[in-house]
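Peer 1: Predicted model and sequence below, questions to follow.
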Amino acid sequence: MRRIRVLIVDDAATMRRLIAEALAADPLLQVVGTAANGRLALERLPIVEPDVVILDLEMPVLDGLQTLAELRHTHPRLPVIIFSSLSARGAKVTLEALALGANDYVLKANTPSLEASLCHAREQLVPRIHALCARAEARERARANARGRGPAPEPAAPPARASSARARRAGPAQLVEVVAIGTSTGGPVALAEILPALPHDFPVPIVLVQHMPPVFTAHLAERLGARSTLRVREGFPGAVLEPGDAWIAPGDHHMVVRRVGAEVRIALHSGPPENSCRPAADELFRSVADTYGAGALAVVLTGMGQDGLRGCARVREAGGLVIAQDAESSTVWGMPGAVVRAGLAEVVRPLSGIAAEIAQRVLQGRRGGRAAA
């Protein structure tokens, strides 16, 4: 098997050495070059031909954002992982980098221990490199198949589930009372496309989990709110779910919804991580299913792992609906892929069609129309 070629871009020599040492533990990874600034990195790209770039943001000569902008002109599909600091500025710049086309990010360890920093880099970078490169390779194979034999088929749900979904779509449209979204890798870009496309008078609340640390979720809510007619905020205890509101689970807290009298309110807790995540989509989805029953609509977007799978099972058991993003438009088809393979997705849509599908399901139920076939 060909080794994955990695280019490391960071102005700190100690950080370049640390990342290289962390990756050296995996025999399938090969560091083919390093660069101390973005200009050097761009010059070395055609020479070392990497499969993935690990990119620092704060650098002299040409910083990470400038480097990424130029890189995307020449290498639009080359996977890029941002290596960022956990700070208010780090959060803002990282979100800008994701909007410019970075595929994922990893936070630098905040520890004086070299061994702890090595372990952190290894645990966080290695699986992301493998996931992104596997996805890039799968897309290239699909494009090659499309050029030679027509488009690759969409992964299908098991026959029994597919029959159940067809039977449901043939009946009256369901009344959706809440939309719950779960996403991870590639999520900020996906959310930035979906939320602004929903109507300003959206008649139900939205609750969502994006796997991010605390400082990042607050800035993500602010960024999405500035681009959407919906009111997008970070969730807080006691917040009442109202139509047109979108609530993002704060980093390092599970977010759930609970009925209090005639209202549904947000609650937060710091229980153990689930699927190595806190917040976890599974935790949110279960609470939505328990609170809204058949009125729940769960949406699973791009992301590593399978967070959301068990929660979607609960939503379907309660009579609710599940939408999943398709493989081709996902940065990593882990979370939605797990849901599709389990036969839990009512429909599978590309990112460009998710907002329309959500709006259609929500609005048709209120008009008393019939769901789309």
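Peer 2: Perfect, thanks for sending it.
Peer 1: hey, where'd the helices end up in this structure?
Peer 2: Assigned by DSSP state H, the helices in the chain fall at 13-24, 38-48, 64-74, 88-100, 114-149, 159-170, 187-194, 214-227, 281-292, 309-317, 335-341, 351-367.
Peer 1: Out of the ones you listed, which is closest to residue 177?
Peer 2: Between residue 177 and the helices of the chain, the tightest spacing by CB to CB is seen for helix 281-292, at 5.0 Å. Glycine gets a C-beta too; all of them are placed from N, C-alpha and C.
Peer 1: Can you give the distance from the closest one to the centre of its chain?
Peer 2: Shown here is helix 281-292, whose average C-alpha point lies 19 Å from the average C-alpha point of the whole chain (CA atoms, centre = their mean, to the nearest Å).
Peer 1: From the contact counts, what lies against it?
Peer 2: Contacts defined by 3 or more CB pairs under 8 Å, 6 or more residues apart in numbering; DSSP states H and E place helix 281-292 against strand 178-183, strand 206-210, strand 254-260, strand 296-300, helix 309-317.
Peer 1: one step back: going by mean pLDDT, which of the helices of the chain comes out lowest?
Peer 2: The stretch with the lowest mean pLDDT among these is helix 159-170, which comes in at a mean of 40.
Peer 1: got a list of what residue 181 touches?
Peer 2: Under the criterion of CB atoms under 8 Å, 6 or more residues apart in numbering, the contact partners of residue 181 comprise 191, 194, 206-209, 298-301.
Peer 1: Just give me the closest of the residues you listed to residue 239.
Peer 2: Proximity of the contacts of residue 181 to residue 239 was ranked by CB to CB; the top entry is residue 207 with 9.8 Å.
Peer 1: Can you report how many residues lie near that closest one?
Peer 2: One way to gauge burial is a neighbour count; for residue 207, by other CB atoms under 10 Å, it gives 26.
Peer 1: With residue 362 instead?
Peer 2: Other residues near residue 362 come to 24 when the count uses other CB under 10 Å.
Peer 1: Quick check: closest non-adjacent residue to it.
Peer 2: When the adjacent residues along the chain are set aside, residue 362 lies closest to residue 176, with 4.6 Å between them (CB to CB, 6 or more residues apart in numbering).
Peer 1: what do you get for residue 69?
Peer 2: In space, and not counting its chain neighbours, residue 69 is closest to residue 100: 5.7 Å by CB to CB, 6+ apart.
Peer 1: so residue 329 touches residue 351, yeah?
Peer 2: Yes: with contact defined as CB atoms under 8 Å, residue 329 and residue 351 form a contacting pair (4.0 Å).
Peer 1: Quick check: chain neighbours aside, which residue is closest to residue 230?
Peer 2: On the basis of CB to CB, 6+ apart, the spatially nearest residue to residue 230 that is not a chain neighbour turns out to be residue 246, at 4.9 Å.
Peer 1: For the one you found, list each beta-bridge partner.
Peer 2: In this structure, residue 246 bridges to residue 206, residue 232 when assessed by DSSP bridges.
Peer 1: residues touching it, list them.
Peer 2: If you count contacts by CB under 8 Å, 6+ apart, residue 246 has them with 195, 205-208, 224, 228, 230-233.
Peer 1: Now, of these, which are buried?
Peer 2: By the neighbour-count criterion of 16 or more other CB atoms under 10 Å, those include these buried positions: 195, 205-208, 224, 228, 230-233.
Peer 1: Show me which of those is closest to residue 2.
Peer 2: Lowest distance from residue 2 to those (CB to CB) belongs to residue 208, with 37.8 Å.
Peer 1: Now do the same contact list for the closest one.
Peer 2: With contact set as CB under 8 Å, 6+ apart, residue 208 has these partners: 180-183, 191, 246-249, 284.
Peer 1: before we move on, back to that, pLDDT value on the residue nearest to residue 362, please?
Peer 2: 97.
Peer 1: all numbers from here: first residue = 38
Peer 2: Sure thing, new numbering starts at 38, so read that last one as residue 213.
Peer 1: Touching, it and residue 334? I think so.
Peer 2: Yes: taking contact to mean CB under 8 Å, the distance of 4.6 Å between residue 213 and residue 334 places them in contact.
Peer 1: Between those two, which has more neighbouring residues?
Peer 2: Neighbour count, other CB under 10 Å: between residue 213 and residue 334, residue 334 has more, with 27 against 22.
Peer 1: That one bridge partners, please.
Peer 2: In this structure, residue 334 has beta-bridge partners residue 216, residue 358, where bridges are defined by DSSP bridges.
Peer 1: Run through the residues that contact the nearest residue to residue 392 once chain neighbours are set aside.
Peer 2: Among residues not flanking residue 392 along the chain, residue 234 sits closest, at 3.6 Å (CB to CB, 6+ apart). With contacts defined as CB under 8 Å, 6+ apart, the neighbours of residue 234 are 392-393, 396.
Peer 1: And residue 217, by the same measure?
Peer 2: Taking CB under 8 Å, 6+ apart as the definition of contact, the neighbours of residue 217 are 243-245, 318, 321-322, 325, 333-336, 352.
Peer 1: could those be laid out in a markdown table, adding distance to residue 154?
Peer 2: Converted to a markdown table, the contacts of residue 217 look like this (distance: CB to CB, whole Å):
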| residue | distance to residue 154 |
| --- | --- |
| 243 | 38 |
| 244 | 35 |
| 245 | 32 |
| 318 | 29 |
| 321 | 32 |
| 322 | 34 |
| 325 | 38 |
| 333 | 42 |
| 334 | 42 |
| 335 | 37 |
| 336 | 36 |
| 352 | 40 |
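Peer 1: follow-up on the earlier one: find the residues that touch each one of residue 213 and residue 334.
Peer 2: Overlap between the neighbourhoods of residue 213 and residue 334 consists of 358, 398-399, taking contacts as CB under 8 Å, 6+ apart.
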